[in-house]
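J.: Sequence and computational prediction follow.
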2 protein chains.
Amino acid sequence: MANDKKMDKKVEQITDMEVDFAQWYTDICRKAELVEYASVKGFTILRPYGYAIWENMQRILDGEFKKTSHENVAMPVLIPESLLKKEGELVNGFAPEVAWVTMGGSEKLEERLAFRPTSETMFCDHWSRVLHSYRELPMLYNQWCSVIRWEKTTRPFLRSREFWWQEGHTIHETAEEAQAETEQQLQCYADFYENVLAIPVIPGRKTDKEKFAGAEATYTVECMMKDHKALQGATSHYFGDKFSRAYNVTFAGRDNKLQYPFQTSWGSTTRMIGAVIMAHGDNNGLALPPKIAPIQVIVVPVAQHKPGVIEGATALKDRLLAAGVRAKIDVSDNSLGWKCAEYEMKGVPLRLEMGPRDMENNQCVLVRRDNGEKAVISVDELEAKVQELLEAVHNGLYEKAKKNLDEHIYEAHSLAEAKELQEKNGGFIKTMWCGDEACEVKMKEEGGMSSRCLPFHQEHIDDVCPICGRKAVKTILWGVAY
Amino acid sequence: MANDKKMDKKVEQITDMEVDFAQWYTDICRKAELVEYASVKGFTILRPYGYAIWENMQRILDGEFKKTSHENVAMPVLIPESLLKKEGELVNGFAPEVAWVTMGGSEKLEERLAFRPTSETMFCDHWSRVLHSYRELPMLYNQWCSVIRWEKTTRPFLRSREFWWQEGHTIHETAEEAQAETEQQLQCYADFYENVLAIPVIPGRKTDKEKFAGAEATYTVECMMKDHKALQGATSHYFGDKFSRAYNVTFAGRDNKLQYPFQTSWGSTTRMIGAVIMAHGDNNGLALPPKIAPIQVIVVPVAQHKPGVIEGATALKDRLLAAGVRAKIDVSDNSLGWKCAEYEMKGVPLRLEMGPRDMENNQCVLVRRDNGEKAVISVDELEAKVQELLEAVHNGLYEKAKKNLDEHIYEAHSLAEAKELQEKNGGFIKTMWCGDEACEVKMKEEGGMSSRCLPFHQEHIDDVCPICGRKAVKTILWGVAY
């Protein structure tokens, strides 16, 4: 066999984000080894490094869900077509994107089965059979799984035919409790974005046009990427008793009469990895918030051929591991320059360098990924300093993202102005709105923007809707979204 | 609306295992709220309590995999038919059981896509594109997901069209390393069964007839259920370079020439929950090994209407939680009898009872699920005693299961004797074997048993194969299996 493969992996250049943001994004996805394309068009593979980020996200979110008494379950992945069709809006919303199983073994199925695009129908079907009494409420369920939506154009993490997510589904005795759950879970996502992913968000309500198919209300956390485009971070839906009625989910109430429970669902996906890339990355690659970084500290021995260096550096790595820090050492024979570039590309929050002279002086060097700052520290204070600097990296990333967000929200008082601001600066354009979907459609068609949300924080900008001139009822954010 | 639903859940009787073992099993699955049937035939729902058991299994196994440097990934769930067909034995083994996606949205797909029955093909396809050098080997991957196999008859956990599992897939530079990996992972499963699930196993090699489609060798851990039937606990496969060649997975070796890596895969599934039910359960319900029990200690206040009882019992529950014990308290207004029966049904390893008199005496009562033994302990030594008794429950379950296994292995010296022993006692029938598949087929047809494994622990029972009379080469175990 002839050898036409390269012997060694190299750190390859990535496209500058200012030159081609989309290519910069794809380069990071591939070269940081997060994701790889699969043989099936529009499908992706989460590679170990990408999956490790997802595992950290899962562990933290799952812990939060459990603190508020949610329980995990597993529902079947296939949904009979007749069951999916019971709630009209939902099926109309998802039908064009459903992958259908029509054969089991060598037999044609009597009824085709949908690969779940979302599982409201399965949860309702289950509850219709197991729920009896108000005493069993609320039922607070969640599942971690993958779903399929047959998208036409795809991009790693942002839009792919299969993606990984959690979908929470709950039923409650009263509308108020379900509404409170919807809000609580949106707040959970907002906290996760800010405290874990270091991405500031704008929480708000979706317009009827943009809400989830079948929902009475959809809430969202919207974030801003470095190219000033918007990204919907996660959503939380309130269904009222619409699905309960469609699927005949009932319980005996306190008055011993049958009632329909009130329902919510809420979801977050591997798209959050895309958000992290585009909120924090730079021309050197990925920059990971420490709480989700698979490697928090990479230890790089300097002049590692000198006696004792590898041992000394390994001892520091072991101390960090013992302190609960996700630390790793690279003692490969790649050059120091290669290692620095490689772990910058992979977004490792802190690099620890130690060479012979550092050892003599009982010190080491810590380099921050977010701003390149170097700190020479005494190894005696290693654990405390690393902890401090990991927090500093989180805060550094957050502050930069916050500045990016704050500097790219613009007020507009006419459709023309909104359009001009968007074309010039990108970002969120804030206007008043009359509440009429026709104005939303007009903004989309003429201004090229979709409504992102009606932010919870409402302001008075104008008296009238800048699109139609009628009375304004809400502040609304517009943007070009992923 | 008329109320035709029952107001309260009751602890219902389950069928005695001596009367109808299959019904006893199904009763536990449903009445301990582990699993529920779904709208799709042959599919099941893992309910919160069942899923919590699976989560504990996942957490412990995943930790073991990571200790030996395995990394998690996520492969696409759909496999193009052409890709699946590249390795002939595999596709022949699985083709009759594959569910096919033929429509994406409203369009008929050009090539139909298989819902993964197992993912060797996807891993190989991925490796064929990302592997370059021996320096990148081994690649030690695992994924947690669900798979579909379109079985004709199904039973909760044991055989269902969709099941949840982990599938490990690794590639190595040399055959020896891959072989060592196969054995290491089998040992990992054996340890998990014995130390976590409290189920003794017999490790061994599968015959060629019973091995995994496409594998060079399949290893198994076999266990025995309370009805003396066999259950295959988990398997580990060695593939040699067969799949590498079929999928053109290559790397530049130390001599800079292209080589094919050597491959393994290994898997364990939600079927382990079925094994736990049938290895430890009794006529009062489930009996869970403490390490995987969602609730390890249920605190039941006695005469809870008396002042201070609920507070006192809650304080004990909180102390246990603080000590890392999965404890829960039931202060519902159900009767003490109901609560005792309910948590026995659910297999909770320890019940803690405390009433007014116990409080006066600074004591509480701990009741073991495995043997009903009660211990009156001082609350001062709560944490230590609970820990001790949880270990005792684990050991108690293990000893009973070991006794059941040891007492139901029988030596036979002829097919007729083997058949008679099986019909009379069930269990594993141990004989010699010539190595010829024809004798295996004969044992199946005439004796009603499949070969379970060639146990690693080989003995000399006879000189000749009891089926054909030719020279014996191996000790073999036969049984009736789930």
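T.: Thanks, I have it.
J.: contacting residues for A:Arg116?
T.: Applying C-beta atoms under 8 Å, 6 or more residues apart in numbering or on different chains to A:Arg116 gives the contacts A:75, A:77-79, A:122, A:145, A:147-148. For glycine as for every other residue, the C-beta is placed from the backbone atoms N, C-alpha and C.
J.: likewise A:Thr170?
T.: Shown in contact with A:Thr170 (C-beta under 8 Å, 6+ apart): A:70, A:138-141, A:178, A:181, A:263-265.
J.: rewinding a little: quick one: the contacts of A:Arg116 as TSV, columns for secondary structure, neighbour count and pLDDT too.
T.: Listed next are the contacts of A:Arg116 as TSV, based on DSSP: H, G, I helix; E, B strand; the rest coil; neighbours: other C-beta atoms under 10 Å in any protein chain shown; pLDDT from 0 to 100:
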residue	secondary structure	neighbour count	pLDDT
A:Met75	coil	24	98
A:Val77	coil	27	98
A:Leu78	strand	24	97
A:Ile79	strand	27	96
A:Met122	helix	28	96
A:Cys145	strand	17	98
A:Val147	strand	22	97
A:Ile148	strand	24	96
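J.: quick check, nearest of the residues you listed to B:Glu311?
T.: Among the contacts of A:Arg116, A:Met75 lies closest to B:Glu311 (C-beta to C-beta), at 39.0 Å.
J.: from what I can see the closest one touches A:Thr121, true?
T.: No: the criterion here is C-beta atoms under 8 Å, and A:Met75 misses it with A:Thr121 at 9.4 Å.
J.: Is it correct that A:Asn371 falls within a helix?
T.: No: going by DSSP: H, G, I helix; E, B strand; the rest coil, the assignment for A:Asn371 is coil, not a helix.
J.: Please name the residues that touch it.
T.: So A:Asn371 contacts A:Gly396 (C-beta under 8 Å, 6+ apart).
J.: before we move on, back to that, distance to A:Ala279 added to the contacts of A:Arg116, as a markdown table?
T.: A markdown table is the format used below for the contacts of A:Arg116 (distance: C-beta to C-beta, whole Å):
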| residue | distance to A:Ala279 |
| --- | --- |
| A:Met75 | 32 |
| A:Val77 | 31 |
| A:Leu78 | 36 |
| A:Ile79 | 34 |
| A:Met122 | 33 |
| A:Cys145 | 26 |
| A:Val147 | 24 |
| A:Ile148 | 27 |
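J.: returning to what we had before: so which of the contacts of A:Thr170 also contact chain B?
T.: Restricting the contacts of A:Thr170 to those near chain B by C-beta under 8 Å from any C-beta of the partner chain leaves A:Tyr141.
J.: Which of the contacts of A:Thr170 ranks first by neighbour count?
T.: A:Gln263 (31 neighbours; other C-beta atoms under 10 Å in any protein chain shown).
J.: Okay, and A:Leu231 sits in which element?
T.: strand A:230-240 (DSSP states H and E).
J.: Dump whatever helix or strand A:Lys339 lives in to CSV, keeping only the CA atoms.
T.: Using DSSP H and E, A:Lys339 maps to helix A:336-345. C-alpha atoms of helix A:336-345 as CSV (Å, rounded to 0.1, in the frame of the first residue of the first chain):
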residue,chain,number,x,y,z
LEU,A,336,6.1,24.7,22.1
GLY,A,337,4.7,27.0,19.4
TRP,A,338,2.6,24.2,18.0
LYS,A,339,1.2,23.4,21.4
CYS,A,340,0.4,27.0,22.2
ALA,A,341,-1.4,27.4,18.9
GLU,A,342,-3.2,24.0,19.2
TYR,A,343,-4.7,24.7,22.6
GLU,A,344,-5.6,28.2,21.7
MET,A,345,-7.5,26.8,18.7
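J.: now it: how far from the chain's centre is it?
T.: Its chain's C-alpha centre and that of helix A:336-345 lie 27 Å apart, by C-alpha atoms, centre = their mean, to the nearest Å.
J.: need the residues of the stretch 251-400 of chain A near chain B, please.
T.: Near chain B, when you scan the stretch 251-400 of chain A using C-beta under 8 Å from any C-beta, you find A:251-252, A:256-259.
J.: repeat that with 7 Å
T.: A:252, A:256-258 (C-beta under 7 Å from any C-beta of the partner chain).
J.: What residue, apart from its backbone neighbours, is nearest A:Asp370 spatially?
T.: Distances taken as C-beta to C-beta, 6 or more residues apart in numbering or on different chains put A:Gly396 closest to A:Asp370, at 4.0 Å, once the chain neighbours are dropped.
J.: Just the helices from chain A, written as ranges.
T.: A:21-31, A:48-67, A:81-84, A:88-94, A:120-130, A:175-191, A:242-247, A:271-280, A:309-322, A:336-345, A:356-360, A:382-406, A:415-425, A:437-442 (DSSP state H).
J.: lowest-confidence stretch among those helices?
T.: Looking at those, the lowest mean pLDDT belongs to helix A:88-94 (a mean of 83).
J.: returning to what we had before: select from the residues of the stretch 251-400 of chain A next to chain B the one having the most neighbours.
T.: Each of those was scored by neighbours using other C-beta under 10 Å; the highest score is A:Ala252's, at 22 neighbours.
J.: Distance of that one relative to A:Ser133?
T.: 5 Å (C-beta to C-beta, to the nearest Å).
J.: Report how many residues lie close to the nearest residue to A:Pro294 once chain neighbours are set aside.
T.: Excluding its sequence neighbours, the residue lying closest to A:Pro294 (C-beta to C-beta, 6+ apart) is A:Ala52, at 3.6 Å. When neighbours are counted by other C-beta under 10 Å, A:Ala52 registers 20.
J.: returning to what we had before: now cross-check the contacts of A:Arg116 against chain B and list the overlap.
T.: Subset of the contacts of A:Arg116 in contact with chain B: A:75, A:77-78, counting by C-beta under 7 Å from any C-beta.
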